[in-house]
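1. dropping the sequence and predicted coords here.
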Amino acid sequence: MLERVKKAILCLGVLLFIFFLTSPIHEISTPANRSLGLFFLTFSLWLTRYLPLSVTGLLVFALIPLLGILPLSESYSLFGNRAIFFILGSFILAGGLMKTGLSRRIAFHIISKFARSGRNLILGVFWTGAVLSFFMPEHAAAAILFPIVIEIAGILKLRPKESLFSRFLFLSLAWGCVIGGIGTLLGGARAPLAIGMLEENFGIRISFLRWSMYAMPVSIGGLLAGTLILTLALRDTPEVSSFKEKAKEELKGMGRLKRDERVVLFVYILTLTGWIFFNRWIDISLIAILSSSLLFLFRGITWKDVERWVNWGIILMYAGAMALGVSLVRSGAAAYISQRYFFSLAKTPFTTLAVFSLLSLVLTEGMSNVATVALLLPVVYGLPFDPVLLTLCITIPGGLALCLPMGTPPNAIAFSSGYYELRFSIKFGVMLTFILYLILLLVGRFYWPLLGVEVW
């Protein structure tokens, strides 16, 4: 059944692509029509994953000049956007954390501090996932925590789908990584992609600290809401002292910080300092590249490590997504879609926030969060409101897939354990998503205006 739906979506995308090439809308230019056709083709390919995401990204770069949407040199130059290099540098830094085992050491240390009771242990997994996702991609944080949580389940002799405790142990892993992942530019590449598109189309730059100031209140609010749900849902929990002893043994076995761990820790602290305090003088993408170069200089990482830990395919996808978004805006296609179909739904900045953040939340459950951001941002950029607000109302909720495994890698990783059913994650995920939606509206209405965002 699912395969039939995917084939239907792909066929529809191809037909719409052909339609806009052969039967153009007369109100807009030929490049705008072709850009719309490419939009629907790319949407169908990303949604069905008929081609690898990276291949679809490369295809965008080939089709934009081939269809005459943008000149060849202008299309290819979008691959050099600073957001792409920020993402690359961040992935290399995260690779250093994982290669040296420093991230695993930090995870065991934090979780063991919570292991006073079963409920606290699950909250420890939840908050550890969030903290790690503040400083590295959320999928990397989930990959680090997953074997540790499997180990916890084994030590406590838990069985899949046996109890609320066993289910929430793994669901809390996904929730923590996802909610923490929206807090900074490091949690996922959708935020760097968004600020790259914002700069390309409006010339507006957002610093690392500034983005965190916009997003962190939503992330912290969501973490507190998740903590409340987990606390209320978990009444009877098993004894967890056996895991605490195991964690002590693990940390003792790791010994003191090794040289390569100290190198990575030093470079990471140096990088964060640069991003927060020196971004006015040195661009955050330059800091990311210079910092990742320091890892090689001090032998904290090798190129083989980078080949192992950096997902080059995802970088190609992000580049293609940015090129697609820019082509929609520059050709006038985005403005046409917005004014024709969405302007009546978003007559004020606040209704725009309410409508499009909800749309972003729904779409990100069924497709890649980066694809959600890449496809929706050009559409909202056609609305006559503050571009920063438009960027925030798509990008932040676009990273909050909490129900389905296909929405984001942490969900897929946690669900692959087999410890909880899909209906379980949907039931509690919908509840937490609704609370997060309300938190986003409150933060947007009362807090973002204090930072100069026009919301009312």
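-> Received the coordinates, thanks.
2. now do the helices in the stretch 351-456 of the chain.
-> 369-380, 387-395, 409-415, 422-442 (DSSP state H, counting those that start in this stretch).
3. for the shortest one, buried residues please.
-> The neighbour-count criterion (16 or more other C-beta atoms under 10 Å) identifies 409-411, 413-415 as the buried residues of helix 409-415. To be clear about C-beta, it is placed using only N, CA and C from the backbone, and glycine gets the same treatment.
4. how far is that helix from where the chain is centred?
-> 13 Å (C-alpha atoms, centre = their mean, to the nearest Å).
5. who touches it?
-> 129, 138-139, 141-143, 146, 170-171, 173-174, 177-178, 181, 401-406, 420, 422, 425 (C-beta atoms under 8 Å, 6 or more residues apart in numbering).
6. redo that, cut-off 7 Å
-> Outside helix 409-415, the residues that touch it by C-beta atoms under 7 Å, 6 or more residues apart in numbering are 138-139, 142-143, 146, 170-171, 173-174, 177-178, 401, 404-406, 425.
7. could you do the first one as well?
-> Residues external to helix 369-380 that are found in contact with it (C-beta under 7 Å, 6+ apart): 43, 46, 188-190, 193-194, 197, 317-318, 321, 324-325, 328-329, 334, 337-338, 342, 356, 359-360, 363-364, 390-391, 394-395, 398-399, 401, 407-408.
8. same deal with the longest one?
-> By C-beta under 7 Å, 6+ apart, the list of residues contacting helix 422-442 from outside reads 167, 171, 175, 218, 221-222, 225-226, 229, 353-354, 357-358, 361, 396-397, 400, 402-403, 415.
9. give the buried residues for it.
-> Of all the residues in helix 422-442, those buried under the rule 16+ other C-beta under 10 Å are 424-425, 428-429, 432-433, 435-437, 439-441.
10. so who does residue 133 touch?
-> With C-beta under 7 Å, 6+ apart, residue 133 has these contacts: 141, 177, 180-181, 187.
11. what about those residues, which one has the most neighbours?
-> residue 177 (36 neighbours; other C-beta atoms under 10 Å).
12. can you list the contacts of residue 133 in CSV and add distance to residue 248?
-> Converted to CSV, the contacts of residue 133 look like this (distance: C-beta to C-beta, whole Å):
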residue, distance to residue 248
141, 23
177, 25
180, 25
181, 29
187, 30
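13. out of those residues, list just those in helices.
-> 141, 177, 180-181 (DSSP state H).
14. so which of the contacts of helix 409-415 is the closest to residue 6?
-> Comparing the contacts of helix 409-415 against residue 6 with C-beta to C-beta picks out residue 406 as the nearest, at 11.5 Å.
15. so what's residue 11 scoring on pLDDT?
-> On pLDDT, residue 11 comes in at 93.
16. tell me which helix or strand it sits in.
-> Per DSSP states H and E, residue 11 falls inside helix 2-22.
17. with residue 239 instead?
-> Applying DSSP H and E, one finds residue 239 in no helix or strand.
18. residues near it, how many?
-> 9.
19. tabulate the buried residues of helix 422-442 in TSV, adding columns for distance to residue 76 and pLDDT.
-> TSV is the format used below for the buried residues of helix 422-442 (distance: C-beta to C-beta, whole Å; pLDDT from 0 to 100):
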residue	distance to residue 76	pLDDT
424	46	90
425	41	90
428	45	94
429	40	93
432	42	96
433	39	95
435	44	96
436	38	96
437	39	97
439	40	97
440	36	97
441	40	96
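20. adding distance to residue 122, write the residues you listed out as CSV.
-> Output for the buried residues of helix 422-442, formatted as CSV (distance: C-beta to C-beta, whole Å):
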residue, distance to residue 122
424, 14
425, 15
428, 13
429, 16
432, 14
433, 19
435, 18
436, 19
437, 24
439, 21
440, 25
441, 28
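21. pick the one among the contacts of helix 409-415 closest to residue 22.
-> The closest of those, once distances to residue 22 are taken by C-beta to C-beta, is residue 406, at 33.0 Å.
22. where in this protein is pLDDT low?
-> 1-2, 366-367, 406 (pLDDT under 70).
23. one more pass at 50, please.
-> Applying pLDDT under 50 to the chain picks out no residues at all.
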